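Visitor: next comes the sequence, and after it the predicted model I'd like to discuss.
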Number of protein chains: 2
Amino acid sequence: MDTNNLVVLSRGRQEHVDAVLDTFFATAKVRAAAMGDQYLTLWKTLESNTTGGKRFRPSMVLAAYEAFGGQNLIVAAHVGAAFELLHTALIVHDDVIDRDFIRRGGLNVQGSYRDLAQTAGIAIPTAEHRGMSVAVIAGDLALFNAFRLLDRCGLENDLRERLTAILDESMFASAAGELLDVDFSLRAEVPSVEEILDMERLKTAVYSFEGPLEAGAVLAGASEGAVAALGEFGRNVGIAYQIVDDILGVFGDSSDTGKSTLGDLREGKRTVLIAHAVRTPEWAAVEPLFGDPDLTEDEAAELRRVLEACGARRYAEALARDFANRGWEHLASKELPDAVRDEFRPFVATVLERVR
Amino acid sequence: MDTNNLVVLSRGRQEHVDAVLDTFFATAKVRAAAMGDQYLTLWKTLESNTTGGKRFRPSMVLAAYEAFGGQNLIVAAHVGAAFELLHTALIVHDDVIDRDFIRRGGLNVQGSYRDLAQTAGIAIPTAEHRGMSVAVIAGDLALFNAFRLLDRCGLENDLRERLTAILDESMFASAAGELLDVDFSLRAEVPSVEEILDMERLKTAVYSFEGPLEAGAVLAGASEGAVAALGEFGRNVGIAYQIVDDILGVFGDSSDTGKSTLGDLREGKRTVLIAHAVRTPEWAAVEPLFGDPDLTEDEAAELRRVLEACGARRYAEALARDFANRGWEHLASKELPDAVRDEFRPFVATVLERVR
């Protein structure tokens, strides 16, 4: 998910989350230093890989919490920070699986450690494996500490257990989605639209939208019905978001998304657009271009033209609007107070504005 | 750590732990099945990788718990199962880092998934990477569920938090040890004895001995002084254990350890034995043999002869006895009841019996 497309809901909320994470990393670095300089360096690397993001998942937690009248931003920021650390763990391990050494334009954990090893004279394959090994360890540390952050925010037992169950479900779903993604990458045929939506929902939407929104609502003491309605909103708007993200990955302006719109086409990323296109007669003419790592701008323009001509773009845009509208319907639930609708209406609008 | 060398403390205790893990996996499989057949298969693979061990860490938890008069074996079995799942997580990810596809004579998670991919016609490097990708996911699932098992055994807040902090320290130390191990493998020179002891303590002894013993004592309501004394016992006897394990890895009878005593020599495993030997004049003559993957039985015999002649074996044995004795001194603490000494005396004896 490209966080450059995301609405940052409030600067003030982000500062609370940053403070929690700063304290967490400060404590971890003191503990790590007692176990050696290398371990301290690993924690510093993990910390720098956790900063610089838009804190999207924490802002979902805090927006829901405040919309339901929650007042204790410090506790809510701990819950938000737990989702942020989960996000760090998942992307660090996702990069191991995808053998990516760059994230947000800079070196990720395994990129940093690969380069350190290379500088020390170690050959590329060994240096890359060293980077990946350290990234496995770093992701593990972020993962178990996501759960630890919930332990330590002083919540009474029932509430802590409910929030931990939501974080658990987010992680559990994300692992299922990552597994589907690994399987898809090995298949010759492009998965169906339904399979891709299912994978994107499990891998990203649950832990980025549904889980954080539910957690914020539960923490603020919302009713079961309200929590469920907001969760359904998150699930649907999250899927809409992923579809829009995939459309922008091909048709977006790279100054807007912060990444080249050639990337997804060169990589051969299997999105809803492609799942639709491959099942139309127009695709055969451009099929060899898709996934070509040396794709030129002209060839990319030709691929985009076919994705429009075969109706794939229109189809994906309609699908995104459909999921956003389903989300909107859940937001209209009478279980939800107006403050919640007021909070999230601009967010849905942002998602819809990004498709024509 | 070779669990074939370990004392299984009681069959009855193991059954309680197995029951907790059976219930945990049954629930997880129901949840996973709702997210697809592939995910259910992953959970079955993870489960089969969790069974078959000797439940060493749970037996440490339960032995300490009962020695301090603990009566609720069901709760203690949950704490033991949490350490067992942590162990599973650590070995699954350790195998990713070491690119090992076999564990305990059978296929591990990544071995199973590599072979499935190969059978489906996927070439070796891609099939291996697929296996490693799935193993990253599987280890993550085991890791966060280790923490979840502690959440769900119904403990009151303070006690749960103390036990979670012990599990946290075990994981935190193990990550530090794994990082040292990764660094050692890239260094040209053999690390010092102190460095190797530090790595083995962090990577294995803390989460296998110190942590489980402390957890069992805390759960039984032992005093701070008693918990600390038993923890120190565990730390020292754990280091002794690791040294004995390394000695047996070279000099042991393979019918006893369940693995070829050629393995460590062929792999070039850097142990206390080797750290001592490389700093003696005798080593130069056999140095080229060490780490040769095609080492013959005769060459291995020559390596063993030099490890004896240069004093490395004697040195390692004395070191193991020294750590076992330090452990013993902590066990003699007047903070500890006689029942604890009675429980663990045979265990220390077993460690010492294994060196001449």
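Guide: Cool, the structure landed. Numbering: from 1, shown residues only, chains lettered A, B, ... in the order given.

Visitor: who are the neighbours in contact with the closest residue to residue A:201 other than its chain neighbours?
Guide: Distance criterion C-beta to C-beta, 6 or more residues apart in numbering or on different chains; nearest residue to residue A:201, sequence neighbours excluded, is residue A:239 at 5.4 Å. All C-beta spots, glycine's among them, are computed from the backbone N, C-alpha and C. Residue A:239 makes contact with A:197, A:200-201, A:205, A:323, according to C-beta atoms under 8 Å, 6 or more residues apart in numbering or on different chains.

Visitor: give me the element residue A:239 is part of.
Guide: helix A:224-251 (DSSP states H and E).

Visitor: now do residue A:54
Guide: Counting by DSSP H and E, there is no helix or strand that carries residue A:54.

Visitor: next: residue A:325.
Guide: Counting by DSSP H and E, the element that carries residue A:325 is helix A:312-331.

Visitor: what comes up buried for that helix?
Guide: Buried residues in helix A:312-331, defined by neighbour count with 16 or more other C-beta atoms under 10 Å in any protein chain shown: A:312-313, A:315-317, A:319-321, A:323-324, A:326-328, A:330-331.

Visitor: tell me the helix or strand right after it.
Guide: The helix or strand immediately downstream of helix A:312-331 is helix A:338-353, counting by DSSP H and E.

Visitor: could you say what helices and strands that next one packs with?
Guide: Using 3 or more C-beta pairs under 8 Å, 6 or more residues apart in numbering or on different chains; DSSP states H and E, the elements in contact with helix A:338-353 are helix A:56-67, helix A:224-251, helix A:312-331.

Visitor: for these, give me CSV that also has distance to residue A:156 and mean pLDDT.
Guide: What follows is those, written out as CSV (distance: least, C-beta to C-beta, whole Å; pLDDT from 0 to 100):
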stretch, distance to residue A:156, mean pLDDT
helix A:56-67, 17, 95
helix A:224-251, 18, 95
helix A:312-331, 29, 96
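
Visitor: can you list which of the contacts of residue A:239 are found in helices?
Guide: Counting by DSSP state H, the contacts of residue A:239 place A:197, A:200, A:323 in helices.

Visitor: show me what contacts the first one?
Guide: With contacts taken as C-beta under 8 Å, 6+ apart, residue A:197 has the following neighbours: A:239, A:243, A:272.

Visitor: same deal with the second one?
Guide: For residue A:200, the set of contacting residues under the criterion of C-beta under 8 Å, 6+ apart consists of A:177, A:239, A:242-243.

Visitor: ok, back up a step: and the helix holding residue A:239, what's buried?
Guide: Within helix A:224-251, judged by 16+ other C-beta under 10 Å, the buried ones are A:226-251.

Visitor: can I get stretch A:90-106 in PDB, CA atoms only?
Guide: Extracted in PDB, the C-alpha atoms of stretch A:90-106 (Å, rounded to 0.1, in the frame of the first residue of the first chain):
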ATOM      1  CA  LEU A  90       5.000  -6.900   8.200                       C
ATOM      2  CA  ILE A  91       6.800  -4.700   5.700                       C
ATOM      3  CA  VAL A  92      10.300  -5.800   7.000                       C
ATOM      4  CA  HIS A  93       9.300  -9.400   6.400                       C
ATOM      5  CA  ASP A  94       7.400  -8.600   3.200                       C
ATOM      6  CA  ASP A  95      10.700  -7.100   1.900                       C
ATOM      7  CA  VAL A  96      12.500 -10.300   2.800                       C
ATOM      8  CA  ILE A  97       9.900 -12.300   0.900                       C
ATOM      9  CA  ASP A  98      10.000 -10.000  -2.100                       C
ATOM     10  CA  ARG A  99      13.800  -9.600  -2.000                       C
ATOM     11  CA  ASP A 100      13.400  -5.800  -2.000                       C
ATOM     12  CA  PHE A 101      16.300  -3.800  -0.600                       C
ATOM     13  CA  ILE A 102      14.700  -0.300  -1.000                       C
ATOM     14  CA  ARG A 103      11.600   1.100   0.800                       C
ATOM     15  CA  ARG A 104      10.400   4.700   0.500                       C
ATOM     16  CA  GLY A 105      13.300   5.600  -1.700                       C
ATOM     17  CA  GLY A 106      15.900   4.600   0.900                       C
END
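
Visitor: show me the contact partners of that stretch.
Guide: A:46, A:49, A:52-53, A:107-111, A:114, A:128, A:131-132, A:135-136, A:138-139, A:142, A:171, A:174, A:178, A:181-182, A:207, A:258, B:129, B:133, B:136-137, B:140.

Visitor: again, only using 7 Å
Guide: A:49, A:52, A:107-111, A:114, A:131-132, A:135-136, A:138-139, A:142, A:174, A:178, A:182, B:133, B:136, B:140 (C-beta atoms under 7 Å, 6 or more residues apart in numbering or on different chains).

Visitor: what of stretch A:132-139?
Guide: Identification of contacts with stretch A:132-139 by C-beta under 7 Å, 6+ apart yields A:42, A:45-46, A:89, A:92-93, A:95-96, A:109-110, A:113, B:93, B:96-97, B:136, B:175, B:178-179, B:182.

Visitor: what's the answer for stretch A:69-79, then?
Guide: So stretch A:69-79 is contacted by A:16-17, A:19-20, A:61-62, A:65, A:149-150, A:153, A:163, A:215-216, A:219-220 (C-beta under 7 Å, 6+ apart).

Visitor: what mean pLDDT does it get?
Guide: For stretch A:69-79, mean pLDDT is 95.

Visitor: equivalent analysis for stretch A:136-146, please.
Guide: Average pLDDT, stretch A:136-146: 98.

Visitor: list just the nearest of the contacts of stretch A:69-79 to chain B.
Guide: residue A:150 (9.1 Å; C-beta to the nearest C-beta).

Visitor: ok, the closest one touching residue A:167?
Guide: Yes - in this structure, residue A:150 is within contact of residue A:167 by C-beta atoms under 7 Å, at 6.3 Å.

Visitor: overlap in contacts of these two?
Guide: Common contacts of residue A:150 and residue A:167 (C-beta under 7 Å, 6+ apart): residue A:82.

Visitor: show me which residues of the stretch 51-200 of chain A are close to chain B?
Guide: When proximity is defined as C-beta under 7 Å from any C-beta of the partner chain, the stretch 51-200 of chain A approaches chain B at A:93, A:96-97, A:117, A:122, A:130, A:133-134, A:136-137, A:140-141, A:143-144, A:147-148, A:151, A:157, A:161, A:164, A:168, A:171-173, A:175-176, A:178-180, A:182-183, A:186.

Visitor: buried stuff in stretch A:65-85?
Guide: A:65-68, A:70, A:73, A:75-85.

Visitor: among the ones in helices among the contacts of residue A:239, which one lies nearest to residue B:308?
Guide: residue A:200 (61.0 Å; C-beta to C-beta).

Visitor: what separation is there between the closest one and residue A:208?
Guide: 10 Å (C-beta to C-beta, to the nearest Å).

Visitor: in three-state terms, label residue A:282 for me.
Guide: What DSSP: H, G, I helix; E, B strand; the rest coil gives for residue A:282 is helix.

Visitor: shouldn't it be in contact with residue A:311?
Guide: No - assessed by C-beta under 7 Å, residue A:282 is found out of contact with residue A:311, at 8.6 Å.

Visitor: between the buried residues of helix A:312-331, which is closest to chain B?
Guide: The nearest one, if we look at these relative to chain B and count by C-beta to the nearest C-beta, is residue A:323, at 19.1 Å.
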